[in-house]
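**Q** Dropping a prediction and its sequence here:
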Amino acid sequence: MSEPLLQISGLTKRFGGVTALSDVGLTVARGEVLALAGDNGAGKSTLIKAIAGVHSRDEGEIRFKGQPVDFATPSDARAAGIETIYQDLALADNLDIGANVFLGRERFTKFLGFLPRLDRETMRRESEKVLEQLEIDIETRKLTQPVRNLSGGQRQAVAIGRAIYWKAELLIMDEPTAALGVPEQRKVMELIQRLKAQGVAIIFISHNLHDIFAVSDRILVLRRGRNAGERAIGATNGDEVVKMMVGG
Amino acid sequence: MATAAAPHAPAERHPLLAFVAIAWSWLFLLLLVLFFEFWARLQYGSTFVLNPYNLQSIALAASMPLLLALGQTLVIIAGGIDLSVGFVMGLASVVMATTMQATSGLHPGLSLLVGIAAALLVSVIPGFISGTLIARLAIPAFIGTLGMYGVCRGVGFLTASGTTVPVNNPWLFQLGNAKVLQVPVPVILTAIVVLVMHWVLREGRFGRYTYAIGGSKAAAVRAGINVPRHTVMLYMLSAFCAGIAGVVYTARFSAGAAQGGEPLLLDSIAAVVIGGASLFGGSGTIVGTVIGAFIIAVIQYGLVFINVAPFWQFVAVGVVIIVSVLIDQSRERLTGGGRRDE
């Protein structure tokens, strides 16, 4: 395994008197898929939010690309190349794919040589390109429609495509398949494998052991805010994972 | 990856029906004009729409509510509402008139400029206050702007000492009543503001962010948009448009009146809604709002033209508002454009 892209050690996070995370460690390398499992309240969400710059940490170190980092906001983390995709996907449903991919970073062209004007054409073409790169098929007529007309899996793909377009190197996904039907779940799993093949590191939270075993390289289990175990996916099985999750 | 049809994708609908669902406001305006035209030909043996005086009157009648509706359109697209515009307009009008009274010793052109500047400067203050309350203190838009509705109403009447404030200034009169190539100056002014707002909303970063905030505040925040700041600017923009309407009002009547904009508030919201904007935010266009304002103006003027008791205007506009929302709600279904928001 190459040098880890993300390396966390001794991470501790308290909310008032409650210790949400205690001495948690984790590594992910480029092109690696790490599944994050654990019962409700085990600290999975707190952990990814600490990585994504939503929560500050009380103790511990986060190194990204070898450098110690301390993100004050999610925008800082994103600028560094860490993108988090939450279940709500944070898409503006009333805008089309190009508008969503470029939201906050719009491209402009000049009308009559002086009047700035949204460059819809370029934004649409660039978005199409990144979706193609990820082998995501979206009907041509839907490219210019509001993204609410897309299926759940396609919307997920747009959120991922946006992250990739802006050069995310680490993708953190919170239950990416939870809201999807079975065929769409499979597509998202395929997409994760393609991202991995393109060298993107992925951390994904899932309750679905089938998904975890289908795409991840390693699994990290949290229990009550602590590392409860970490296994290469070929060296474990569902029973052991469940045991680590519930303890005993 | 093969493309599976979305599970809820509706069947394609009849193209004619889809066309009507999208273009109904244009069609409705056209039908209204044709109706009054036929009526004029049959009853009076004259023309309705080809008479320049009628066109001027309709455009003039549409211009002030339209000015209020322009800023309102952006506020509504962002998921808010501005109830204060009518009295902000009145306040601007009164401030302009009193300022011009106080500077009546100056050259009339200069006095007019000072009056306009004062009106526009004062007008953005209530917008700043309601915007700040809504964006930073989480006051609902309805309440924040209702509060400023009351404040501006009171301050307006206080400034005017409870009466109308007459201004005798030939430049002001020209601004409100002159015509350029048969087009009244207030209509030209309104048209300019329409063009600017259309561009800002459709082609500018500001407009794009406005849609994004209305579509999903979470998405806007994630994209790095400063949502509170943008929201404050939206309400200031709406108030500024109301300020321009106040200037036009003062110019048309050579007087400032605190209550001048009161009846226009609902017309402005109606124009936005008839124009296809959703009160839930996320959709709407300036073109739609212009059509909406003209539908209202044609109904109002046309009913007077055919000698119907003026109170029927209210009934007619009310019915049109409801019908327009009904059509919008079934638009997704009629056009087969996909499922609705989850």
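**A** The structure has been received and is ready for your questions.
**Q** how about the helices of the stretch 201-342 of chain B, start to end?
**A** B:205-215, B:217-222, B:227-253, B:264-274, B:286-305, B:312-329, B:331-335 (DSSP state H, counting those that start in this stretch).
**Q** so does the first one get close to chain A?
**A** It stands for helix B:205-215. Yes - shown here: helix B:205-215 in contact with chain A (C-beta under 8 Å from any C-beta of the partner chain) through B:Arg205, B:Arg208, B:Tyr211, B:Ala212, B:Gly214, B:Gly215. In this view, the C-beta of every residue, glycine as well, is placed from N, C-alpha and C.
**Q** quick revisit: with mean neighbour count as extra columns, can I get the helices of the stretch 201-342 of chain B in a markdown table?
**A** Below are the helices of the stretch 201-342 of chain B laid out as a markdown table (neighbours: other C-beta atoms under 10 Å in any protein chain shown):
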| stretch | mean neighbour count |
| --- | --- |
| helix B:205-215 | 23 |
| helix B:217-222 | 21 |
| helix B:227-253 | 26 |
| helix B:264-274 | 26 |
| helix B:286-305 | 23 |
| helix B:312-329 | 15 |
| helix B:331-335 | 17 |
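**Q** Any chance of TSV for the ones you listed, columns distance to B:Ser123 and mean pLDDT?
**A** TSV is the format used below for the helices of the stretch 201-342 of chain B (distance: least, C-beta to C-beta, whole Å; pLDDT from 0 to 100):
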stretch	distance to B:Ser123	mean pLDDT
helix B:205-215	19	94
helix B:217-222	27	88
helix B:227-253	3	96
helix B:264-274	14	92
helix B:286-305	19	91
helix B:312-329	26	86
helix B:331-335	35	64
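**Q** would CSV of these with distance to A:Ile233 be doable?
**A** Formatted as CSV, those follow (distance: least, C-beta to C-beta, whole Å):
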stretch, distance to A:Ile233
helix B:205-215, 39
helix B:217-222, 31
helix B:227-253, 41
helix B:264-274, 55
helix B:286-305, 54
helix B:312-329, 49
helix B:331-335, 43
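**Q** that older thread, tell me the one among the residues of helix B:205-215 next to chain A nearest to B:Val272.
**A** Lowest distance from B:Val272 to the residues of helix B:205-215 next to chain A (C-beta to C-beta) belongs to B:Gly214, with 12.5 Å.
**Q** Please tell me the pLDDT value assigned to the closest residue in space to that closest one that isn't next to it in sequence.
**A** Leaving out its chain neighbours, the residue that sits closest to B:Gly214 by C-beta to C-beta, 6 or more residues apart in numbering or on different chains is B:Gly281, at 3.3 Å. With respect to pLDDT, B:Gly281 scores 88.
**Q** right, and B:Gly281 touches B:Leu74 too?
**A** No - using C-beta atoms under 8 Å as the test, B:Gly281 is too far from B:Leu74 to be in contact (10.8 Å).
**Q** between the two, who's got more neighbours?
**A** Of the pair B:Gly281 and B:Leu74, B:Leu74 is the one with more neighbours under other C-beta atoms under 10 Å in any protein chain shown, namely 29 against 22.
**Q** quick one: secondary structure of that one?
**A** When classified by DSSP: H, G, I helix; E, B strand; the rest coil, B:Leu74 comes out as helix.
**Q** tell me the contacts of it?
**A** B:Met197, B:Leu201, B:Gly207, B:Thr210, B:Leu234, B:Leu237, B:Ser238 (C-beta atoms under 8 Å, 6 or more residues apart in numbering or on different chains).
**Q** redo that, cut-off 6 Å
**A** Listed by C-beta atoms under 6 Å, 6 or more residues apart in numbering or on different chains, the contact set of B:Leu74 reads B:Thr210, B:Leu234.
**Q** just the one 10 residues further on next, same as before
**A** With contacts defined as C-beta under 6 Å, 6+ apart, B:Ser84 is in contact with B:Pro126, B:Thr145, B:Met148, B:Tyr149, B:Cys152.
**Q** Max pairwise distance over those: which two?
**A** Among these, B:Thr145 and B:Cys152 lie farthest apart (C-beta to C-beta), at 9.9 Å.
**Q** How about the top helix by length along chain B, which residues are buried there?
**A** Longest among the helix segments of chain B by residue count, using DSSP state H, is helix B:108-136. Using 16 or more other C-beta atoms under 10 Å in any protein chain shown as the test for burial, helix B:108-136 gives B:108, B:111-112, B:114-116, B:118-120, B:122-127, B:129-135.
**Q** how distant is the helix or strand following that helix from the center of its chain?
**A** Sequence-wise, the next helix or strand downstream of helix B:108-136 (DSSP states H and E) is helix B:141-159. In this view, helix B:141-159 has its centroid 18 Å away from the chain centroid, taken as C-alpha atoms, centre = their mean, to the nearest Å.
**Q** Please put the alpha-carbon coordinates of helix B:141-159 into CSV.
**A** Extracted in CSV, the C-alpha atoms of helix B:141-159 (Å, rounded to 0.1, in the frame of the first residue of the first chain):
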residue,chain,number,x,y,z
ALA,B,141,-40.2,36.8,6.1
PHE,B,142,-43.9,37.3,6.5
ILE,B,143,-43.5,38.8,10.0
GLY,B,144,-40.3,40.7,9.3
THR,B,145,-41.8,42.5,6.3
LEU,B,146,-45.2,42.9,8.0
GLY,B,147,-43.4,44.7,10.8
MET,B,148,-41.7,47.0,8.3
TYR,B,149,-45.1,47.5,6.6
GLY,B,150,-46.4,49.0,9.8
VAL,B,151,-43.2,51.0,10.5
CYS,B,152,-43.0,52.5,7.0
ARG,B,153,-46.7,53.3,7.1
GLY,B,154,-46.4,55.2,10.3
VAL,B,155,-43.1,56.9,9.5
GLY,B,156,-44.5,57.8,6.1
PHE,B,157,-47.6,59.5,7.5
LEU,B,158,-45.5,61.2,10.3
THR,B,159,-43.1,62.6,7.7
